[in-house]
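In: The following comprises the amino acid sequence and a computationally predicted model.
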Amino acid sequence: MSENLASNAARQQYRPGVQAWLCAIGAWLFHLMGCVSLSMMTSIQRAMAEEFAAGDSFRSALTSVFVLGNLILALPMGSFITKHGYRKIGYASFVFGIIGGLFGAYGCSSAAAMLLCRLIQSVSYTIPVLIGSWIITSWFPADKQGLAIGLYGSAPALGSFIPLRVYNMIKGINPDATWRSLFVFCAVLNVVAFVFYQFWVKPGPLFSEDEHNEKEAAKAAAKAAAPKARFSDIVKVPEIWCCVIIMFLYSVTIKGFMPFSSEIFMDNCGCDELTANNISSVWAGVKVFAPIIFGFLWGKTRKFQGWFACLYVAIYFMGLAVAFQLNSVSSAWLFCAFVGATAGVPAFLYCILPIFAGGKDKLTLTLTLYSIGGTYFGGLLGPYMITFAKLFGDGGFGSVAVFTLICGVVAVIAAAYLAIRIQRRIKTNTWPAVSAGRRH
């Protein structure tokens with residue numbers, strides 16, 4: 001293991017080399033394997049439901065159970081990491097990922113067994129999300145993390161894209177292959193990621209166990225001495241609730257659209273399974289660049305960021321509502337690219353949450369409310385809400401478009417309130433993007 005850089009001068013002169021990038025790739029693979037497990041249902045859940053003679057509620061549960069496992073694990077995981085260390089906890093991720101993949105491929109003979117398999121797989125997603133940043137920050141100084149963090153952050157979108165392409169490739173090579181082959185791929189991906197993790201991923205020269213413990217102790221002491229941030233202070237801030245509402249509705253619709261996208265195109269456009277997977281992969285592939293597209297436009301609309309964000313949210317929900325009603329393959333290709341490009345709503349919310357939180361002491365509670373209320377509960381309920389909207393109508397996906405528009409109206413109202421607050425701060429030169437720009 002590389003020796004730790006003891007002095008600040010040595011740290012400033014440090015340049016990440018080949019070993020650092022091998023660790024970054026290992027962290028990316030670590031995160032990617034969990035993201036593939038999360039998103040793999042898109043291409044196979046219909047065939048799986050047919051084999052198990054299960055209905056729409058089973059297809060919804062395939063994603064919801066996975067998210068539920070994330071929620072349950074995320075709460076105590078911090079204390080587990082503190083007690084056992086990042087590296088040991090990382091091994092648990094591979095164990096559960098490999099077991100889940102093999103169980104799905106060879107051991108599942110019923111719908112109940114498959115839901116248990118999804119719960120097992122959820123461990124392989126939760127742990128990398130929590131410790132991946134530790135791997136990168138131990139090798140890359142803050143001013144040199146951009147590309148490494150960007151690589152790591154591409155995993156969720158690529159995790160949606162890869163299973164669609166891999167399953168189509170497997171079916172192209174062997175038309176008799178079943179949905180179980182994708183679980184084999186997940187197990188193999190976990191093995192590959194484990195090899196990187198075991199032999200190349202290690203604490204970097206910017207990480208010292210003793211220094212880390214000292215910093216944690218200092219943080220704990222500072223936290224004890226600082227004024228306590230109260231949850232009651234957070235819930236009184238309407239801007240924070242607007243962010244939670246927007247993220248909840250975004251998670252409901254994106255987690256509802258994502259697992260059902262291939263089914264939507266098969267039913268609405270009358271195309272075969274492989275074509276539907278190809279169309280869905282366009283959405284997943286373009287989604288990789290959504291945060292970059294949003295970030296570029298956010299920087300260019302400095303004096304109108306509030307209204308730009310409101311328009312961005314409106315365009316996303318409107319485009320997704322149209323995607324649920326598409327009835328031709330050519331239009332499906334176009335709108336999947338459009339919806340993927342506008343899926344950067346979380347990037348907007350992460351830009352403004354720290355500002356409205358009102359200080360670092362309140363940011364942790366703010367992000368907790370945002371993550372649980374917006375991301376987790378939205379992802380947990382989304383597939384069921386989409387299924388209910390489908391059954392409430394004529395049994396097709398056209399009725400889901402109406403539900404998506406209703407979600408969009410509520411989200412746009414919340415975004416409009418945020419826009420008013422942001423623009424007011426821009427006018428008074430108290431919005432960071434504008435005040436920083438004027439100083440320069």
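Out: Okay, I see it.

In: check contacts around L418.
Out: Neighbour list for L418: E239, C242, C243, I246, G306, A309, C310, I352 [criterion: CB atoms under 8 Å, 6 or more residues apart in numbering]. (Glycine included, C-beta is placed from N, CA and C.)

In: I422 now?
Out: I422 neighbours (CB under 8 Å, 6+ apart): Q305, G306, A309, I352, W431.

In: isn't T387 right next to R59, touching?
Out: Yes: with contact defined as CB atoms under 8 Å, T387 and R59 form a contacting pair (7.3 Å).

In: Give the buried residues for stretch 301-320.
Out: Neighbour-count burial for stretch 301-320 flags 301, 305-320 (criterion: 16 or more other CB atoms under 10 Å).

In: Which residues does it contact?
Out: By CB under 8 Å, 6+ apart, stretch 301-320 touches 246, 249-250, 253-254, 257, 294, 297-298, 335, 338-339, 342-345, 348, 352, 404-405, 407-408, 411-412, 415-416, 418-423, 426, 431, 433-434, 437.

In: again, but for stretch 83-94
Out: Here stretch 83-94 has contacts from 30, 33-34, 77, 80-81, 123-124, 126-128, 131, 134-135, 190-191, 193-194, 197, 201-203, using CB under 8 Å, 6+ apart.

In: Return the members of the residues you listed classed as buried.
Out: Of the contacts of stretch 83-94, these count as buried by 16+ other CB under 10 Å: 30, 33-34, 77, 81, 123-124, 126-128, 131, 134-135, 190, 193-194, 197, 201-203.

In: Give me the distance between N277 and M258.
Out: With distances taken as CB to CB, to the nearest Å, N277 is found 13 Å from M258.

In: With F392 instead?
Out: 20 Å.

In: who has more neighbours, the two?
Out: M258 (24 against 12; other CB atoms under 10 Å).

In: three-state assignment of that one?
Out: helix (DSSP: H, G, I helix; E, B strand; the rest coil).

In: Can you list the low-confidence ranges for the stretch 201-350 of the chain?
Out: In the predicted model, the stretch 201-350 of the chain carries pLDDT under 70 at residues 207-231.

In: change it to 90
Out: Scanning the stretch 201-350 of the chain for pLDDT under 90 picks out 201-237, 253-274, 276-306, 309, 319-350.

In: Point me to the helix or strand that includes the closest residue in space to I420 that isn't next to it in sequence.
Out: Distances taken as CB to CB, 6 or more residues apart in numbering place G306 nearest to I420, at 6.9 Å, with adjacent residues excluded. Using DSSP states H and E, G306 sits within helix 305-323.

In: The helix or strand just after that helix packs against which elements?
Out: Once helix 305-323 ends, the next helix or strand along the chain (criterion: DSSP H and E) is helix 329-341. On a contact count with 3 or more CB pairs under 8 Å, 6 or more residues apart in numbering; DSSP states H and E, helix 329-341 meets helix 238-269, helix 273-287, helix 290-300, helix 305-323.

In: how about these in a markdown table, adding distance to I162?
Out: Output for those, formatted as a markdown table (distance: least, CB to CB, whole Å):
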| stretch | distance to I162 |
| --- | --- |
| helix 238-269 | 14 |
| helix 273-287 | 8 |
| helix 290-300 | 17 |
| helix 305-323 | 21 |
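
In: Of those helices, which is nearest P163?
Out: helix 273-287 (8.7 Å; CB to CB).

In: Next, the angle from that closest one to helix 305-323.
Out: Angle, helix 273-287 to helix 305-323, by axes from the mean of the first three to the mean of the last three CA atoms, to 10 degrees: 180 degrees.
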